[in-house]
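[1] Could you work out the structure for the sequence below:
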Amino acid sequence: MNQRDLKKLRKKLIDDRERIANGLNSLEKGALNTSQRDSSGDLSGYSFHMADVATDNFDREFNLDLASNEQKTLNDIDDALKKMDENTYGICEACNCKINIERLKIVPHARMCIKCKQEEEGKNK
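    Numbering: from 1, shown residues only. Reported below is the predicted structural model:
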């Protein structure tokens, strides 16, 4: 991988990191820090209908899952940036082969080459 590609990938990682971190902050300030009482506007803290409770719970769980996935991506991005600093970026963690540059352009925080990733996903099914 040449220095020009590496520089572009670093910029993409940093930009992605900032975008995701901002999204997580917004999610935290909004949905995750809002109690059921606040979101319903009900002074008693209870929704009037069981369906309202279910919807509130679903929304909260959805937002927690989203935040968890985004945090994992942030961790992967941080690891990729660290690997760039250590000159180990672009090496598959499973087979130690180079990860194709086209894959890194699409998923710059990729930890594995396509072949190893497909094998991992096949095992998880």
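[2] what's the burial count for L13?
    20 (other Cβ atoms under 10 Å). Where you see a C-beta, it was placed from the backbone N, CA and C, and this is true even at glycine.
[3] just I106 next, same as before
    For I106, using other Cβ under 10 Å, the count is 8.
[4] Likewise for C113?
    22.
[5] Isn't it up against I99?
    Yes - C113 lies in contact with I99 (Cβ atoms under 8 Å); the separation is 4.9 Å.
[6] any common contacting residues for those two?
    When contacts are counted by Cβ atoms under 8 Å, 6 or more residues apart in numbering, C113 and I99 have C92 as shared neighbours.
[7] For the closest residue to C97 other than its chain neighbours, what are phi and psi?
    The shortest distance from C97 to any non-neighbouring residue, by Cβ to Cβ, 6 or more residues apart in numbering, is to C113 (5.8 Å). C113 adopts backbone torsions of phi -70, psi 170, taken as degrees, to the nearest 10.
[8] try A94
    Per degrees, to the nearest 10, the backbone of A94 is at phi -90, psi -50.
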